[in-house]
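Trainee: Provide a 3D model corresponding to the input given below.
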Amino acid sequence: MIAIESPRQDGVIRLLEMSDAFAESLYPAESNHMLDLSSLEKPEVTFWVARIAGDIVGCCALVGAGDGSAEIKRMFVDPAARGQSVARKLMETVEATAIEKRFDAIRLETGIYQPEAIGLYKKFGYTEIPAFGSYLPDPLSLFMEKRLNQA
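Mentor: From the prediction side, this is the model:
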């Protein structure tokens, strides 16, 4: 089950710490662009929690950029829950909300050493773009976007 919830709860904090440790094991600090807990509580952020049998197993945020686009941040699934379509369901939920909020595009930054994440985003139709927003070009980062067709 996926629902909008507060990021300030033990199960989410555990996931964010796991996500941070994973990113830190792959990339230098200047190539990690993660939002902290207080940033995830801002009004322009929608934060989802994925649960299986009540246990928190995944999370994702959608951050409105103020220019008609939104950015996916903090997408992470507990390694113990992978292979159960949690990331796919989070992506479907994020995209449905982005369309509902009438965003023109969804963007994201991910690392080049995360082939599973890159594969997921490509499967959902995201394509590579140059650095956007406040990001600087980084050989360890991959910037992606999906344009949303509004009816």
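Trainee: Run through the strands of this structure in chain order.
Mentor: Using DSSP state E, the strands of the chain run over 2-4, 45-52, 55-64, 69-77, 105-111, 127-129, 141-147.
Trainee: where's the nearest residue to residue 139 once chain neighbours are set aside relative to residue 141, distance?
Mentor: Once flanking residues are discounted, residue 139 sits nearest to residue 112: 7.6 Å by C-beta to C-beta, 6 or more residues apart in numbering. Yep, even glycine has a C-beta here, placed from its N, CA and C like the rest. Plainly put, residue 112 is 7 Å away from residue 141 if you go by C-beta to C-beta, to the nearest Å.
Trainee: any residues in contact with both of the two?
Mentor: Applying C-beta atoms under 8 Å, 6 or more residues apart in numbering, one finds that no residue jointly contacts residue 112 and residue 141.
Trainee: Neighbour count for the two, which is higher?
Mentor: Legend: neighbour count by other C-beta atoms under 10 Å for residue 112 and residue 141, higher for residue 141 (17 against 14).
Trainee: Give me the nearest residue to that one, chain neighbours excluded.
Mentor: According to C-beta to C-beta, 6+ apart, the nearest residue to residue 141 is residue 109 (5.3 Å).
Trainee: Quick one: closest of the strands of the chain to residue 18.
Mentor: strand 69-77 (6.9 Å; C-beta to C-beta).
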